[in-house]
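Peer 1: Kindly generate the corresponding structure for this input.
(one chain, ligands or ions: 2)
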Amino acid sequence: MISVVIPTYKEADSIQEMVQRTAAALGGSDEEYELIVVDDNSGDGTAELAEALSPGFPVRVLRRAGRQGLATAVVDGWGIARGDLLAVIDADLQHPPEILTSLAKSIRDSNADLAIASRYIEGGGTSDWELSRRLISWGATHLAASVLPLKLSAVSDPMSGMFMVRAAAIADAKLSPLGYKILLEVLAKGRIENVVEVPYQFEERTRGSSKLGLCQYGEYLAHLAHLSWSTGQIGAWVEYSLVGLTGAAVDLGLVYCGAERAGWMAIWIVPAAAQMALVWNFLWNQQVTFPRRTPASMAKGKSLARFLLYERICLPGAVLNVCLTLLLARGGMRLMVAAACGVVADGVFNLLFKVPAIWRVWGLRRSASCQ
Ligand code: GDD
Ligand code: MN
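Peer 2: Ligands and ions are numbered 1, 2, ... in the order given. Below you'll find the predicted structure:
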């Protein structure tokens with residue numbers, strides 16, 4: 001049985017159509033289903049309109065006392081659910097309910113633990129968002145993937161508000177989300193081995209208004225910080241950062257010995273040092289940071305292939321490092337100061353753009369996608 005939770009806060013304009021469309025979609029499949037509307041005392045009739053549809057539709061309404069957040073509404077809804085598959089979908093029709101049947105089919109067919117409706121795989125998308133909105137969405141997704149790389153490596157849209165998870169995969173997890181992003185909580189704390197993604201188009205809202213405000217952005221950052229702590233990812237991060245710092249010291253030490261002591265030309269020693277530091281970082285991450293944290297099957301073997309991949313991902317940062325160092329030095333800056341600028345630029349560049357890809361080098365799972 002599929003239990004679909006529909007969190008609502010002031011969605012009187014769309015809740016009835018939402019329930020009807022969802023029922024039509026799931027009623028056409030051979031799955032049993034129930035709908036659970038979790039309303040936070042909207043005061044605009046949302047809960048009453050949903051209740052009015054029962055018993056014509058298999059819908060129950062869980063009323064909470066006041067606005068307590070989207071993600072906890074979902075957890076409370078799942079708490080009274082009877083299905084072996086638990087789903088969530090927004091009430092405002094921005095998530096097409098028909099996708100629920102594809103999620104159910106793919107999770108069953110591929111025996112996955114989690115099926116995510118994704119905007120960011122082929123066939124998915126958003127309507128014409130302006131640049132600022134795209135940037136915020138990209139930034140939020142990238143930030144999550146950078147803070148929790150080991151947990152989110154398998155998914156293209158960890159921000160998605162529409163997905164389906166096996167009840168068994170989260171039965172032992174203590175879910176205590178903050179804000180909007182219930183999927184982050186599930187990915188971080190659930191027993192999720194296999195993920196499947198289904199593309200969908202995120203529609204524009206035509207009724208009611210978005211409930212996403214500044215407060216939710218703040219909650220998002222607090223939620224990420226909390227998850228990095230409670231999952232122990234912060235420990236991996238500390239080791240990874242220490243390796244990076246020693247790599248920077250190796251790079252600068254080699255430039256110093258080569259250029260300042262041995263008198264080699266900067267044009268040779270600067271790239272050589274950057275390359276040596278890259279090898280150093282790889283070896284330490286390979287020996288120390290990742291083996292304890294990735295599945296044993298992944299941690300062993302394939303070192304050369306892994307190194308080549310690592311090299312390819314880190315190359316742009318290293319090139320930036322070398323070019324900046326040489327340019328600044330040619331402009332009259334002391335070589336060691338220029339080299340320090342290059343190393344910092346390399347580190348910041350990788351931190352901002354490459355972290356999820358770098359961590360994925362250590363054999364983390366990818367999801368399958370179903371069209
Ligand atoms: N019960 C309850 N309590 N429901 C809430 C609350 C709350 O505090 N806040 C929001 N909701 C409900 C809304 O009524 C709506 O049904 C749904 O949660 C999503 O809220 P929106 O404000 O419309 O969110 P959005 O459109 O900006 O973003 C949604 O889609 C994104 C893409 O999938 C969310 O689901 C995001 O988490 C998601 O990234
Ligand atoms: Mn919405």
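
Peer 1: all helices for the stretch 101-250 of the chain, in order.
Peer 2: For the stretch 101-250 of the chain, helices defined by DSSP state H, counting those that start in this stretch occupy the ranges 131-147, 149-152, 167-170, 182-189, 214-230, 233-255.

Peer 1: which parts of the chain sit against ligand 2?
Peer 2: Residues of the chain lying near ligand 2 by C-beta under 5 Å from the ion: Asp92, Gln94. Bear in mind the C-beta positions are built from the backbone N, C-alpha and C, glycine included.

Peer 1: By proximity to ligand 1, which residue of the chain wins?
Peer 2: Of the residues in the chain, the one nearest ligand 1 is Gly161, at a distance of 2.0 Å by C-beta to the nearest ligand atom.

Peer 1: Could you list the domains of the protein?
Peer 2: The domain map for the chain lists 2-230, 233-364, with the assignment taken from automatic domain parsing.

Peer 1: most neighbours per residue, which of the ones you listed?
Peer 2: Neighbour counts (mean count of other C-beta atoms under 10 Å) averaged over each of the domains of the chain peak at domain 2-230, with a mean of 19.

Peer 1: Now do that one, average pLDDT.
Peer 2: Averaged across domain 2-230, the pLDDT comes to 95.

Peer 1: Straight-line length of it, end to end?
Peer 2: When the termini of domain 2-230 are compared using C-alpha to C-alpha, to the nearest Å, they are 29 Å apart.

Peer 1: Repeat that for stretch 186-204.
Peer 2: One end of stretch 186-204 sits 26 Å from the other (C-alpha to C-alpha).

Peer 1: quick revisit: regarding the closest residue in space to the residue of the chain closest to ligand 1 that isn't next to it in sequence, what is its secondary structure?
Peer 2: Counting by C-beta to C-beta, 6 or more residues apart in numbering, Gly161 lies nearest to Asp90, which is 5.4 Å off, once chain neighbours are set aside. For Asp90, the assignment made with DSSP: H, G, I helix; E, B strand; the rest coil gives coil.

Peer 1: again with the one 3 residues further on
Peer 2: Secondary structure of Leu93, reduced to three states by three-state DSSP: coil.

Peer 1: Near ligand 1, which residues of the stretch 51-200 of the chain are found?
Peer 2: Among all residues of the stretch 51-200 of the chain, those adjacent to ligand 1 (criterion: C-beta under 6 Å from any ligand atom) are 67-70, 73, 90-92, 94, 159-162, 180-181.
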